[in-house]
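>>> curious how this folds, go ahead:
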Amino acid sequence: MRIRRERILLLILLALTLAVWGMVWRDASSGLTITVLDVGQGDSILVQAPSGRTMLVDGGGRAGEDTRGYDVGREVVTPALMARGVRRIDVLVITHPDQDHIGGLAAVLEAVPVTMALDPMLPTSSETYAELRQQIAERKIPLHRAREGQRINLGYGIYADVLNPPEARLVSDAELNDNSIVLRLVDKELSVLLAADVDEAGAERLAHMGERIRSTILKVPHHGSANPAGTGFVQAVSPELAVISVGARNPFGHPSQEMLGELKAVGAKVMRTDEQGAVTIKLQPPRWWVWGHLRWHGMKRYSGEARTAVQPMKEAA
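Next up, the predicted model:
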């Protein structure tokens, strides 16, 4: 009888231990991991949710650099996906059809299955974009037109709201940047704004959204260009951390001193892919961590805690 009682107590203790460790494991695995890949003068951002869902925002392309014989999708983006265990992309976001955002996507589509794609569907003469659209069609990947108000469900209460482009798009080639897809990722009280390449008009429009764009972390628009500076955008976002995806010694002067000055004025810590390499952000509400991968300027690591509650958008119809 005594042995049986001890066995029962042991089983109860084991069950409690497993329950506690299960809670610890769920807590440890919560939150988003966002990696701003080092693709030179371009953008490519990998979002990995604890549900297992993945989202790739753009695929790089190295605008303004000599790319003869070099495919950033084959050399950088696809290996990064493989190294991070990505075997399927649930959502591919094509923010806009500029070469430095879509140039590497053909190689990615050849290597990794894609469940669906989101695209602003802007008129452009880009041959790279036309070939990408053809590749998407041939692979029978569902393609959806992006517009403000949409919500992407990443599971476990984590989502991404589409804040741009508006329903009434600007249509000229010169306005591709301002019509690019802007996403706000929300994980409980933490938020990350991926501002694509919005320039002056787009940044000013977003600034008027007030609390809807206020975010813990900002992927700085247009590689730190001066155009969004002075629009009130940085002040409206008021980020604790800013990440700039930019190429070393690029011919455009990015990031601009104007943008860096605005980020400093709001007290944002700054990480740059030209200095730290790929930048990885881990959200584990209410805390966040970020670190840069080794480059010649060395490592940087920061951490923080949410200082304001998130006010999510109304669920899109």
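
>>> going by C-alpha atoms from here, please, whenever you check contacts or count neighbours.
Fine.

>>> so what's residue 54 closest to, chain neighbours aside?
Nearest residue to residue 54 in three dimensions, chain neighbours excluded: residue 48, at 4.7 Å (CA to CA, 6 or more residues apart in numbering).

>>> is that neighbour in a bridge, and if so with what?
residue 33, residue 54 (DSSP bridges).

>>> tell me who's in contact with it.
The contact partners of residue 48, by CA atoms under 8 Å, 6 or more residues apart in numbering, come to 32-34, 54-55.

>>> run the last query once more with 6 Å
32-33, 54 (CA atoms under 6 Å, 6 or more residues apart in numbering).

>>> between those residues, identify the one with the most neighbours.
residue 32 (25 neighbours; other CA atoms under 10 Å).

>>> ok, that one to residue 257 distance?
31 Å (CA to CA, to the nearest Å).

>>> sorry, back to before: rebuild the contacts of residue 48 as CSV, extending it with distance to residue 153 and pLDDT.
Conversion of the contacts of residue 48 to CSV gives the following (distance: CA to CA, whole Å; pLDDT from 0 to 100):
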residue, distance to residue 153, pLDDT
32, 13, 92
33, 15, 97
54, 11, 98
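
>>> just put those in CSV and tack on distance to residue 130.
Shown next, in CSV, are the contacts of residue 48 (distance: CA to CA, whole Å):
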residue, distance to residue 130
32, 32
33, 31
54, 25
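
>>> of the residues you listed, closest to residue 77?
Nearest to residue 77, judged by CA to CA, of the contacts of residue 48 is residue 54 at 14.0 Å.

>>> the closest one contacts residue 89, doesn't it?
Yes. Contact criterion CA atoms under 6 Å: residue 54 and residue 89 qualify, at 5.4 Å.

>>> how close does the residue nearest to residue 54 get to residue 280?
Relative to residue 280, residue 48 is positioned 11 Å away (CA to CA).

>>> with residue 142 instead?
29 Å.

>>> if you count surrounding residues, which of those two has more?
The neighbour comparison of residue 142 against residue 280 (other CA under 10 Å) goes to residue 280, with 20 against 12.

>>> what's the burial count for the spatially closest residue to the more buried one that is not a sequence neighbour?
Closest residue to residue 280 apart from its sequence neighbours, by CA to CA, 6+ apart: residue 35 at 4.3 Å. Residue 35 has 22 neighbours, counted by other CA under 10 Å.

>>> surely residue 35 is within a strand?
Yes. Looking at residue 35 with DSSP: H, G, I helix; E, B strand; the rest coil, it is inside a strand.

>>> ok, it - contacts?
For residue 35, the contacting residues are 45-46, 279-280, by CA under 6 Å, 6+ apart.

>>> so what does residue 251 look like in phi/psi?
phi -80, psi 0 (degrees, to the nearest 10).

>>> right, I mislabeled it, should have said residue 185
Per degrees, to the nearest 10, the backbone of residue 185 is at phi -80, psi 140.

>>> the nearest residue to it once chain neighbours are set aside: which element?
Excluding the flanking residues, the one nearest residue 185 by CA to CA, 6+ apart is residue 160, at 4.2 Å. Residue 160 belongs to strand 158-164 when assigned by DSSP states H and E.

>>> packing partners of that strand?
Strand 158-164 sits against strand 151-155, strand 182-187, with contacts defined as 3 or more CA pairs under 6 Å, 6 or more residues apart in numbering; DSSP states H and E.

>>> how far away is the residue lying closest to residue 114 once chain neighbours are set aside from residue 43?
The shortest distance from residue 114 to any non-neighbouring residue, by CA to CA, 6+ apart, is to residue 89 (4.8 Å). Distance, residue 89 to residue 43, by CA to CA: 17 Å.

>>> of these two, who's got more company?
Relative neighbour count places residue 43 above the other of residue 89 and residue 43, with 30 against 22, counting by other CA under 10 Å.

>>> residue contacts, the more buried one?
60, 101.

>>> how close does residue 36 sit to residue 49?
From residue 36 across to residue 49, the span is 15 Å (CA to CA).

>>> where along this protein do the helices fall?
With helices called from DSSP state H, the chain shows them at 2-28, 72, 78-83, 99-102, 105-111, 127-138, 200-207, 233-237, 257-265, 273-276.

>>> worst mean pLDDT among the ones you listed?
Of all those, the minimum mean pLDDT falls on helix 2-28 (a mean of 50).

>>> give me the number of residues near residue 148?
17.

>>> for the one 3 residues further on, same thing?
Residues near residue 151, counting by other CA under 10 Å, number 20.

>>> now it. Nearest residue, chain neighbours left out?
Nearest non-adjacent residue to residue 151, counting by CA to CA, 6+ apart: residue 161, 4.5 Å away.

>>> quick check: bridge partners of that neighbour?
Beta-bridge pairing for residue 161 (DSSP bridges): residue 151, residue 184.

>>> contact partners for it?
150-151, 183-184.

>>> mind doing that once more with 7 Å?
Contacts of residue 161 were listed using CA atoms under 7 Å, 6 or more residues apart in numbering, and they are 149-152, 183-185.
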